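Enquirer: 3D model of this:
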Amino acid sequence: MNRSATLGLVPSQRDETLGLWLGLVGVIVFGLTLPMTRLATGSADAPQLSPWFVTWSRAALAGGLSVAYLLCTRSRLPTLEQGKSLGLAVLGNVIGYPLLLGWALRAVTASHAAVITALLPLVTAAAAAWLLHQRARLGFWLFALLGSVLVAAYSLLRAHQLGHGFGLASADLLLVAAVVAASLGYVAGAKVTPALGAERVISWMCVMALPITLPGTWLTWPEQAQAIAWPSWLALVYVGVFSMWAGFFAWFRGLALGGALRVSQMQLLQPFISIVAAVPLLGESLDATTLGFAIAVVFTVFMGRRMAAPRPGVAP
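Expert: Below is the predicted model:
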């Protein structure tokens, strides 16, 4: 009797179960990115590694791993047309998102950033609908608008509580810009994923960025590296090896095995993983307002994604 029969699972069921677990691993990896990035950069009052250095070095780490992977798998070079899409993905995902996120996290907590960046799946779907000319139902746009209003309300409320009046903080504008950059990068990468494969897309992105990230790492290397706390260095290694590279392998493989519709719903857990992880990693406290807004934003993402596709029977 084979192992599948012993477990009472047919191969497809086993693959779906493995896919769900891999998807969960990917979400946990990405959920830890916010608190790990803040741990690496430090706060405005206690700065550690420069957000510029974190951006370049994390991508350089992932680039080295990507070179090894692409050589081992004997991956062919992207075409010129594919290179254009990969270049846009590099600007959005390898440079834009980490850099904007790093500077924002100097000023706000990881829990705060988790609420704002929770809109990323919805913004990505909106960018795909706009740039790839994919139809979306009216309900999708209504929930996208509602999610945006909730994020704006949270930002204004937080600014008022901190004595800054009712106005959008600069850190929140950086977070919004980071979400937009990441969503545009994801859409650009999605254009070449069917031809190259998801793992090769993220690897080629990191390799293409090496001519920028390697010199950038050298030029922004901290002058007093020995003064940087060792947890910040470990956090940098984490975001370079896992957030920037290995997490995508688990996530994409999970989507392939478990089905994109089922596994992608686990992405809704990501903001809460960030908020909870920030407690032991950064000493942040669980805040009822933050949790409440996070739940509300995630609900709009859940409903919006359900309405992102046209109704059954409607031609795309």
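Enquirer: Name the SS class of R58, please.
Expert: helix (DSSP: H, G, I helix; E, B strand; the rest coil).
Enquirer: ok, the nearest residue to it once chain neighbours are set aside - contacts?
Expert: Nearest residue to R58 in three dimensions, chain neighbours excluded: G240, at 3.8 Å (Cβ to Cβ, 6 or more residues apart in numbering). Placement of C-beta: from N, CA and C, glycine included. By Cβ atoms under 8 Å, 6 or more residues apart in numbering, the residues touching G240 are S57, R58, A59, A60, L61, A62.
Enquirer: which secondary structure element contains F299?
Expert: helix 288-306 (DSSP states H and E).
Enquirer: Just the buried positions in that helix, please.
Expert: Neighbour counts over helix 288-306 (16 or more other Cβ atoms under 10 Å) mark T290, L291, F293, A294, A296, V297, V298, T300, V301, M303, G304, R305 as buried.
Enquirer: what do you get for stretch 46-64?
Expert: Under 16+ other Cβ under 10 Å, the buried positions of stretch 46-64 are 48-64.
Enquirer: cool, stretch 135-149 as well?
Expert: So stretch 135-149, judged by 16+ other Cβ under 10 Å, has buried residues A136, R137, F140, F143, A144, L146, G147, S148.
Enquirer: List the residues that contact the third one.
Expert: Neighbouring residues of F140 by Cβ under 8 Å, 6+ apart: A125, A126, A129, G304, M307, A308.
Enquirer: quick one: W56 and T220 touch, right?
Expert: Yes. At 6.0 Å, W56 and T220 qualify as touching, with contact defined as Cβ atoms under 8 Å.
Enquirer: picking up where we left off before, hmm, which two among the buried residues of stretch 135-149 are most spread apart?
Expert: R137 and S148 (17.4 Å; Cβ to Cβ).
Enquirer: Report the inter-axis angle for the helix or strand where G147 lies versus helix 288-306.
Expert: In this structure, G147 sits in helix 138-161 according to DSSP H and E. Going by axes from the mean of the first three to the mean of the last three Cα atoms, to 10 degrees, helix 138-161 is angled at 160 degrees with respect to helix 288-306.
Enquirer: Most neighbours among the contacts of F140, which one?
Expert: G304 (26 neighbours; other Cβ atoms under 10 Å).
Enquirer: Grab the nearest non-local neighbour of that residue.
Expert: Nearest residue to G304, sequence neighbours excluded (Cβ to Cβ, 6+ apart): F143, at 3.7 Å.
Enquirer: And P51, by the same measure?
Expert: G102 is the one closest to P51 (Cβ to Cβ, 6+ apart), at 3.0 Å.
Enquirer: What separation do you get for that neighbour and S43?
Expert: 12 Å (Cβ to Cβ, to the nearest Å).
Enquirer: more neighbours, those two?
Expert: G102 (24 against 14).
Enquirer: so the more buried one, which of the three states?
Expert: helix.
Enquirer: T41 is in contact with that one, correct?
Expert: Yes. If you go by Cβ under 8 Å, G102 and T41 touch, sitting 5.1 Å apart.
Enquirer: what angle separates the longest helix seen in the chain from helix 138-161?
Expert: Secondary structure of the chain read by DSSP state H shows that its longest helix is helix 170-196. Going by the same axes, to 10 degrees, helix 170-196 is angled at 150 degrees with respect to helix 138-161.
Enquirer: if we can go back for a sec, need the buried residues of helix 288-306 in a markdown table (columns: distance to A188 and pLDDT).
Expert: Listed next are the buried residues of helix 288-306 as a markdown table, based on distance: Cβ to Cβ, whole Å; pLDDT from 0 to 100:
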| residue | distance to A188 | pLDDT |
| --- | --- | --- |
| T290 | 31 | 87 |
| L291 | 33 | 89 |
| F293 | 30 | 91 |
| A294 | 28 | 90 |
| A296 | 30 | 92 |
| V297 | 25 | 89 |
| V298 | 25 | 89 |
| T300 | 25 | 88 |
| V301 | 21 | 83 |
| M303 | 26 | 85 |
| G304 | 21 | 81 |
| R305 | 20 | 72 |
